[in-house]
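J.: for reference, the sequence and a predicted model appear below.
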Amino acid sequence: DNNHNEYLIKARNIYKNGIKHCIHSVNLWICASRLEENYFHDITKARSILDRARLNNPKTDRLWLESIRIERRSYNHTMATALMAKALQDCPKSGLLWSEAIIMEPAPKRKTKCISALKNCNNDPHVMLVGAKIFWEDGKITKARSWFNRVVNLNPDLGDAWALFYKFELQNGSDNSQQEVLNRCIESDPKHGEHWCSISKSLENLNSSTEDILQQVALI
C-alpha cells in the first residue's frame, strides 16, 4: 500500500543521510543494504551499497561477510565463494569470515577447513564455536562439550556461544549440566553475538532477562 511504500522511501533517505554523516558506521551500511534486499527486493542495489561500504571502510570483515551472505541468500554460490576468497585475502585473521568459510564447505571438507581456520586465527571463539558444532554433528559429545567450554571461557560475552552450548546440553546433557550452563550464562551476562543481539535488542525483549533471551536464541 502507498503508506507502506512512503515509509520505505523515508527509511531509504534516512539511511542515505546517515551514511553521508557517518561513513564509517558499518551498521548503517548493512541496514541500508538489507532494506534494498528485503523490502525493495533489489539485490543489485543492495550489492552496490556494500561495494561502496567496503571502499570507504577497507579491511572490515563484517562488510565482507554481509556481501557474501547476500550471494548465499540469492543461491549464487559461485559468487559467494569468489567473494570469500577475496575477503580472506583482505582480512586473513578474521574469525567471523573463517567460521562462515567453514560452514560454506560441503560437510566432508569442513574439518580440514576448520584446521586451516585455527592456524590462521588461533583460539578465535567464532571458529571454535563452529568446531564444537562439527564435533556435535559427528556425535563426539565429550569433545564437543569440551570445545563449547573453551569458547565460553575465552569469550564469556558471546551470547551466541552460550545459546548453542545450552541447546547442546538440552539435547545431550543432564538436568544438572543444563542448569550449570544456564547459571554460568546468567552470571556472564553476555551482550554480543549476531543472534543474541537480534533477539535482545528487539522491542518485545527490552525488559527480558538473560535467561529469557538465552532460551529464545537456543531455539534458532
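T.: Sure thing, it's come through.
J.: center of this protein, which residue is that?
T.: Nearest to the mean C-alpha position of the chain, by CA atoms, centre = their mean, lies residue 194 at 4.3 Å.
J.: find the nearest non-adjacent residue to it, please.
T.: The spatially closest residue to residue 194, leaving aside those adjacent along the chain, is residue 160, at 6.2 Å (CB to CB, 6 or more residues apart in numbering). Glycine gets a C-beta too; all of them are placed from N, C-alpha and C.
J.: identify the residues contacting the helix or strand hosting that neighbour?
T.: Residue 160 belongs to helix 159-172 when assigned by DSSP states H and E. Here helix 159-172 makes contact (CB atoms under 8 Å, 6 or more residues apart in numbering) with 125, 129, 132-133, 136, 141, 144-145, 148-149, 151-152, 155, 177-178, 181-182, 184-185, 188, 190-197, 200, 213-215, 217-220.
J.: max-length helix in the chain?
T.: helix 2-21 (DSSP state H).
J.: may I have that one exported as CSV, CA atoms only?
T.: Presented in CSV, the C-alpha positions along helix 2-21 are these (Å, rounded to 0.1, in the frame of the first residue of the first chain):
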residue,chain,number,x,y,z
ASN,A,2,1.0,3.7,-0.5
ASN,A,3,1.7,4.4,3.2
HIS,A,4,4.0,1.4,3.4
ASN,A,5,5.9,2.5,0.3
GLU,A,6,6.2,6.0,1.7
TYR,A,7,7.7,4.7,4.9
LEU,A,8,10.2,2.6,3.0
ILE,A,9,11.3,5.6,0.9
LYS,A,10,11.6,7.6,4.1
ALA,A,11,13.7,4.9,5.6
ARG,A,12,15.9,4.8,2.5
ASN,A,13,16.5,8.5,2.7
ILE,A,14,17.3,8.3,6.4
TYR,A,15,19.9,5.7,5.8
LYS,A,16,21.3,7.7,2.9
ASN,A,17,21.7,10.8,5.0
GLY,A,18,23.0,8.8,7.9
ILE,A,19,25.8,7.3,5.8
LYS,A,20,26.7,10.8,4.5
HIS,A,21,27.4,11.9,8.0
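J.: who are the packing partners of that helix?
T.: Counting contacts by 3 or more CB pairs under 8 Å, 6 or more residues apart in numbering; DSSP states H and E, helix 2-21 packs against helix 26-38.
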